[in-house]
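Asks: can you look at this prediction? I've put the sequence above it.
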Amino acid sequence: GDGIRQKVEATGGKAVKRDPELDAAVAAYRQYTLDQAEETLPKAKVFADAVKAGDIEAAKKAYAESRIGWERTEPVAESFGDIDPKVDLREDGLEEGQDLEKDWTGWHRLERSLWQDKKITARDKELADLLIKDLTVWQKKVGTAEITPTSMANGAKELLDEVATGKVTGEEERYSHTDLVDFKANVEGAEKSYELLKPVASRNDAALTKELDTRFAELNTLLDKYRADKSTYVFTSYDKVGKAERKELSDGVNALAEPLSKLAAAVAK
């Protein structure tokens with residue numbers, strides 16, 4: 001509990017002075033992660049129910065949206081080491097000796113069935129139930145995550161790294177090509193952390209927050225080119241996004257990631 005957290009913050013025998021503004025940022029971010037998990041479950045259930053009903057089209061439609069809350073808060077979800085591999089593993093993430101059919105579970109396993117195999121098996125229906133079970137564990141645990149201003153800032157940077165290594169390359173959603181939905185959700189999650197830390201960061205480094213405001217706005221504008229309606233998460237299928245456009249997206253991510261890597265220091269000053 002809090003007792004342990006206090007100890008971590010003590011340096012050289014002197015307790016660090018708590019900043020009420022940062023405490024408020026942590027509390028608000030904790031609530032955000034809880035809300036995201038809370039909102040994910042019903043969407044994941046719509047997806048799982050479609051799989052269990054053998055309805056490929058309905059399952060495809062529900063797939064990307066069921067992942068948004070997870071993608072927004074992924075660094076917190078990943079801090080529970082056992083949940084992430086169960087729900088969000090890609091097939092190349094299996095460890096040596098693990099069996100693709102037996103050990104691979106979660107969203108991407110079902111993604112492959114729907115888009116590549118184009119059929120739903122009895123095993124897929126079991127996996128749909130298992131996904132809900134694992135996401136329920138996440139939802140129950142997420143409120144207990146260790147969250148600090150530093151972990152929020154680093155988590156924002158991690159989300160951008162996620163985009164750079166998984167989404168821009170098209171590796172994450174290799175069958176469904178819904179990468180831009182994950183991309184947007186990762187950026188939203190990073191922006192949420194940033195907005196909550198911004199009051200303190202801007203006092204300590206106004207030039208940095210000015211640059212971050214600009215870079216976030218630029219990247220969001222770039223992403224909006226790929227959806228007709230800003231109130232939805234219906235983005236262009238990533239296999240239709242050409243090489244030059246992918247490069248432009250990648251450059252936008254890098255332009256934001258660089259100043260974002262300085263956020264933790266600006267908060268800790």
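Replies: Alright, I've got the coordinates. A quick note: this is a predicted structure, and the numbers were derived from the prediction, not measured.

Asks: only C-alpha atoms for contact and neighbour calcs from this point on.
Replies: Will do.

Asks: quick check: mean pLDDT of the strand or helix carrying residue 157?
Replies: For residue 157, the element it lies in under DSSP states H and E is helix 149-162. The average pLDDT for helix 149-162 rounds to 96.

Asks: name the next helix or strand downstream of it, please.
Replies: Helix 149-162 is succeeded, C-terminally, by helix 179-204 (DSSP H and E).

Asks: so which elements touch that following helix?
Replies: Applying 3 or more CA pairs under 8 Å, 6 or more residues apart in numbering; DSSP states H and E, we find helix 179-204 packed against helix 20-52, helix 56-66, helix 68-72, helix 149-162, helix 206-224, helix 263-268.

Asks: residue 200: which of those is closest?
Replies: Nearest to residue 200, of all these, is helix 263-268, at 6.1 Å by CA to CA.

Asks: and the contacts of that closest one?
Replies: 149, 150, 153, 154, 194, 197, 200, 201, 202, 204, 205, 208 (CA atoms under 8 Å, 6 or more residues apart in numbering).

Asks: rerun at 6 Å
Replies: 150, 153, 201, 204 (CA atoms under 6 Å, 6 or more residues apart in numbering).

Asks: quick one: the first one from residue 262, how far?
Replies: In other words, residue 150. 11 Å (CA to CA, to the nearest Å).

Asks: give me the common contacts of the two.
Replies: Listed as contacting both residue 150 and residue 262 by CA under 6 Å, 6+ apart is no residue at all.

Asks: which of the contacts of helix 263-268 count as buried?
Replies: Buried members of these, counted by 16 or more other CA atoms under 10 Å: 150, 153, 201, 204.

Asks: want to throw the residues you listed into CSV with distance to residue 49?
Replies: Formatted as CSV, the buried ones among the contacts of helix 263-268 follow (distance: CA to CA, whole Å):
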residue, distance to residue 49
150, 39
153, 36
201, 44
204, 49
